[in-house]
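Trainee: Predicted model, plus sequence, below.
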Amino acid sequence: MFRKMLQVVCLCAVGLPAVARAVEQPPFDLGEPARIEAGRLRFSGSCTGYCHGNEGRGGRAVGFLNRNDFDAEYAFTTILNGRRVSGVIMPQWGTTYSPDEIWELVAYLQFLSKKQN
Amino acid sequence: MTSNKTQVLSNFAFALALTASPLAMKVARAETVDQMAMASPNDWPQYHRTGAGWRYSPLDQINKSNVKNLKMAWIAQPGDITSGLQATPIEVDGVLYYIGPYNHVYALNGETGQILWQYKPKLAPISNDSFYAATSRGVTVGRGKVFIGSLDGRFIALDQKTGKEVWSHQAIDQKNMYAAVFSSPPQLAGDVLYGGSTGGDQPTRGKVWAVNADTGETAWTFDTIVHDPKSWPGNSGDTGGGAAWLPGTYDETTDTIYIGIGNASPDFYGLDREGDNKYTSSLLAIDPKTGKLKWARQEIPHDVWDYGAPYEAVLLPTGDQKSLIHLNKSGHVFVMNKDNGDLRNVWKLVDAQNTIKEINPKTGELIGRNEPSTTETKLLCPWLLGGRSWNHGAYSPKTGLWYTNTMEACNTAIAKKDDPNTLKTVTALSLGAGDLATVAPPGAKPLGRLVARDPATGAPKWSVDYPIPGLSSVLATGGGLVFNADVEGNIFAYDDQTGKTLWQFNAGSGARGGLISYSIKGKQYIAVPTGLGSAAVGFMANAFPKVKELPAGAALLVFSVD
């Protein structure tokens, strides 16, 4: 389940665009099938083949299946701001997708986290 | 291989002329492929060592009998492991030049690894969002300068002695070109510096940019996408791809640039671009002074498999010294006349091949096209990474063999029109596919294979299987050795005649860059860029799950024998 606290995220890392937004609760129920499907389509177009793998199976970046450590707010923030870890770059999507569009991706990731391989 | 006495004496005279004076390099111009390929035997002055594209070092101090004693001389670390180390270093006159993540350039003492100078450009923030962020395949050294192609779309010239910036030229408009970057070093052709950008998988129109190497002023710009409605209906050419993203080569014997052009975009969806889509998936010969086309051979017309042809042109010293071999991602190797592109042969590099049944070796016609479908997911072989990825092969004039990594793997795909929403970001790839997953060849294990083949006929001599395809560029040497490194970090020295492993070393992280050799004060070194990072690894993960566990890194390892 996701926490309901308000968090302010400020990105100060050198070289990354300065995107600071309040991470609120998701504006809709992340379990809504229509939202999950919207997220799935967006994911398949932007996130799969070369990074997170087909249907989130994992690639040079993490997979999302069968994850009991899934955290919706962390997922939102990471998609918003991107991240750099272990020599691999995830670009930021905050300047491309609206918060709603990012939450739809989060809905899909939460759906995947409950799926077995 | 040249066989007559006159040629041998001519080569000897040429080599003597080169060593006679430090200025001789500028004056003496090779007249044959053989002369060009054997020049500067102690150095690695260009990306493939010379314009012949051999990645062959004539040095033989390290050889079959003593390579078992090869040991570390020194290590250089760029200090950042993002995207690993994908460069081929350059060595000239005892100084080794290489480029690490985020275009950080180092000049090192080639004997000790001591840093002589370093340069780090201030990159425009938009470059962070590029799909190709962080990496570069090398630098170019010449005319007293060190040249780079930057991640923010510039050609930059540095003073060779100090590393200070001499000039900077903004070639690419990144905002309007999906943050296309220079992922390869621009190359020299006389006083012209030229190169292409990334972008074949993005809705862009490919170009080759050329500037005056001494001033950075624009010399010419070449559009790789022709303006011909039969070739590109409607506006399809504007998003046609055709990126020349690997270094071209300069043939000083005829004053010609050879440069390969990448795939058509969207990669798997060709319905909006019915036509031959010139000059995607082609090899071009260009006049360096004018940027005019001398000849072009489109190897894969109307490419719908991501079978680009940006790969290296290798010039053969055999026969009339006019044969050029050129591999594209379809896994077919083209043999042509380098003066006019006339076809001499086509041969198959890999077994996993079901997209193009065959290519007529006389006409180049594609026979039996198995194209992606918009209604069903198909299995396509070789996969979108190619029968070989961009990591280059090596040719040895001693054995007459071409050594290259190859890949036996496939991908599924259904052709799908890209949702314009997914193309809003500069990071976006315009692949035109759904159900894209890398998989094993039918009835076979996916694997990598280092092969030794006759370059003109494709006749196999030996091969070594790898559980995961090797992603490093091969090195062949006069000591009878072939060096290759795998994605797990193992570096191998093989007997060039038999493929027997004569030495190996574990570097701890895999190799994506180019192995080179050079000699200083009579001592030969083998330099191996290690540190795995690559867009390829992400695509490979479904067919080769182990790549997910491979550690990243970045370290330039240099070996010698006591």
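Mentor: Received the coordinates, thanks.
Trainee: which residues sit in contact with the closest residue to B:Asp191 other than its chain neighbours?
Mentor: Spatial nearest neighbour of B:Asp191, excluding adjacent residues (C-beta to C-beta, 6 or more residues apart in numbering or on different chains): B:Ala213 at 5.2 Å. Just so you know, the C-beta spots here come from the backbone N, C-alpha and C atoms, and that holds for glycine as well. For B:Ala213, the contacting residues are B:142-143, B:145, B:147, B:157, B:188, B:191-193, by C-beta atoms under 8 Å, 6 or more residues apart in numbering or on different chains.
Trainee: May I see those arranged in JSON lines, with distance to B:Lys362 and pLDDT as well?
Mentor: Shown next, in JSON lines, are the contacts of B:Ala213 (distance: C-beta to C-beta, whole Å; pLDDT from 0 to 100):
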{"residue": "B:Gly142", "distance to B:Lys362": "39", "pLDDT": "98"}
{"residue": "B:Arg143", "distance to B:Lys362": "42", "pLDDT": "98"}
{"residue": "B:Lys145", "distance to B:Lys362": "45", "pLDDT": "98"}
{"residue": "B:Phe147", "distance to B:Lys362": "40", "pLDDT": "98"}
{"residue": "B:Ala157", "distance to B:Lys362": "45", "pLDDT": "98"}
{"residue": "B:Leu188", "distance to B:Lys362": "36", "pLDDT": "98"}
{"residue": "B:Asp191", "distance to B:Lys362": "39", "pLDDT": "98"}
{"residue": "B:Val192", "distance to B:Lys362": "35", "pLDDT": "98"}
{"residue": "B:Leu193", "distance to B:Lys362": "37", "pLDDT": "98"}
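Trainee: Which secondary structure state does residue 112 sit in?
Mentor: Using chain A here. Secondary structure assignment for A:Leu112 (DSSP: H, G, I helix; E, B strand; the rest coil): helix.
Trainee: again with A:Arg40
Mentor: Three-state call for A:Arg40 (three-state DSSP): helix.
Trainee: Same question for A:Tyr74.
Mentor: helix.
Trainee: so who does B:Leu271 touch?
Mentor: So B:Leu271 contacts B:374, B:415, B:417 (C-beta under 8 Å, 6+ apart).
Trainee: Mind checking which of the contacts of B:Ala213 are buried?
Mentor: Neighbour counting with 16 or more other C-beta atoms under 10 Å in any protein chain shown marks B:142-143, B:145, B:147, B:157, B:188, B:192-193 as buried within the contacts of B:Ala213.
Trainee: coming back round to it: quick one: which of the contacts of B:Ala213 is nearest to B:Met177?
Mentor: Checking the contacts of B:Ala213 against B:Met177 by C-beta to C-beta gives B:Leu193 as the nearest, at 19.5 Å.
Trainee: How about the closest one: which residues does it bridge to?
Mentor: For B:Leu193, the beta-bridge partners are B:Leu188, B:Val211 (DSSP bridges).
Trainee: Would you agree it is in contact with B:Glu217?
Mentor: No. Using C-beta atoms under 8 Å, B:Leu193 makes no contact with B:Glu217, being 10.5 Å away.
Trainee: Now the common contact residues for those two.
Mentor: Shared contacts of B:Leu193 and B:Glu217 (C-beta under 8 Å, 6+ apart): B:Val211.
Trainee: what separates the residue of the stretch 201-350 of chain B found nearest chain A from B:Gly240, distance-wise?
Mentor: When scored by C-beta to the nearest C-beta, the stretch 201-350 of chain B has B:Asp201 as its residue closest to chain A, at 9.6 Å. Relative to B:Gly240, B:Asp201 is positioned 12 Å away (C-beta to C-beta, to the nearest Å).
Trainee: Give me the more crowded residue out of these two.
Mentor: Under the criterion of other C-beta atoms under 10 Å in any protein chain shown, the comparison of B:Asp201 against B:Gly240 puts B:Gly240 first, with 29 against 26.
Trainee: show me the contacts for the more buried one.
Mentor: So B:Gly240 contacts B:205-206, B:225, B:232, B:264-265, B:273, B:277, B:280 (C-beta under 8 Å, 6+ apart).
Trainee: any idea which of these has the most stuff around it?
Mentor: If you count neighbours using other C-beta under 10 Å, the busiest of those is B:Ala264, which has 37 neighbours.
Trainee: Give me the common contacts of B:Asp201 and B:Gly240.
Mentor: Shared contacts of B:Asp201 and B:Gly240, counting by C-beta under 8 Å, 6+ apart, come down to B:Ser265.
Trainee: Give me the secondary structure label for the residue of the stretch 201-350 of chain B closest to chain A.
Mentor: Classification of B:Asp201 by three-state DSSP places it in coil.
Trainee: Then A:Phe43?
Mentor: Assignment for A:Phe43 (three-state DSSP): helix.
Trainee: what's the answer for B:Asp80, then?
Mentor: coil.
Trainee: Just list the residues touching it, thanks.
Mentor: B:Asp80 neighbours (C-beta under 8 Å, 6+ apart): B:100-102, B:104, B:134, B:554.
Trainee: what's the answer for B:Ala296, then?
Mentor: Taking C-beta under 8 Å, 6+ apart as the test, what B:Ala296 contacts is B:278-279, B:282-285, B:341.
Trainee: For it, which non-adjacent residue is spatially closest?
Mentor: Excluding its sequence neighbours, the residue lying closest to B:Ala296 (C-beta to C-beta, 6+ apart) is B:Leu284, at 5.0 Å.
Trainee: Neighbouring strands of whichever strand or helix holds the one you found in the sheet, and parallel or not?
Mentor: Under the criterion of DSSP states H and E, B:Leu284 resides in strand B:282-286. Sheet pairing of strand B:282-286 (DSSP bridges) gives strand B:256-260 (antiparallel), strand B:293-298 (antiparallel).
Trainee: so how far is that strand off the chain centroid?
Mentor: 15 Å (C-alpha atoms, centre = their mean, to the nearest Å).
Trainee: Now do the residue of the stretch 201-350 of chain B closest to chain A, the pLDDT please.
Mentor: Predicted confidence (pLDDT) for B:Asp201: 86.
Trainee: Report the separation between the closest residue to it other than its chain neighbours and B:Gly100.
Mentor: Once flanking residues are discounted, B:Asp201 sits nearest to B:Leu429: 4.6 Å by C-beta to C-beta, 6+ apart. Here B:Leu429 is placed at a distance of 25 Å from B:Gly100 (C-beta to C-beta).
Trainee: who does the host helix or strand of B:Asn405 touch, helix- and strand-wise?
Mentor: Using DSSP H and E, B:Asn405 maps to strand B:401-408. Helices and strands touching strand B:401-408, by 3 or more C-beta pairs under 8 Å, 6 or more residues apart in numbering or on different chains; DSSP states H and E, are strand B:394-396, strand B:447-453, strand B:481-485.
Trainee: Determine the number of other residues adjacent to the closest residue to B:Tyr269 other than its chain neighbours.
Mentor: Nearest residue to B:Tyr269, sequence neighbours excluded (C-beta to C-beta, 6+ apart): B:Gly432, at 2.9 Å. Using other C-beta under 10 Å, the number of residues around B:Gly432 comes to 28.
Trainee: Now the phi/psi pair for B:Gly432, please.
Mentor: With angles defined as degrees, to the nearest 10, B:Gly432 sits at phi 60, psi 40.
Trainee: contacting residues for it?
Mentor: Per C-beta under 8 Å, 6+ apart, neighbours of B:Gly432: B:265-270, B:415-418.
Trainee: repeat that with 7 Å
Mentor: B:266-269, B:415-418 (C-beta atoms under 7 Å, 6 or more residues apart in numbering or on different chains).
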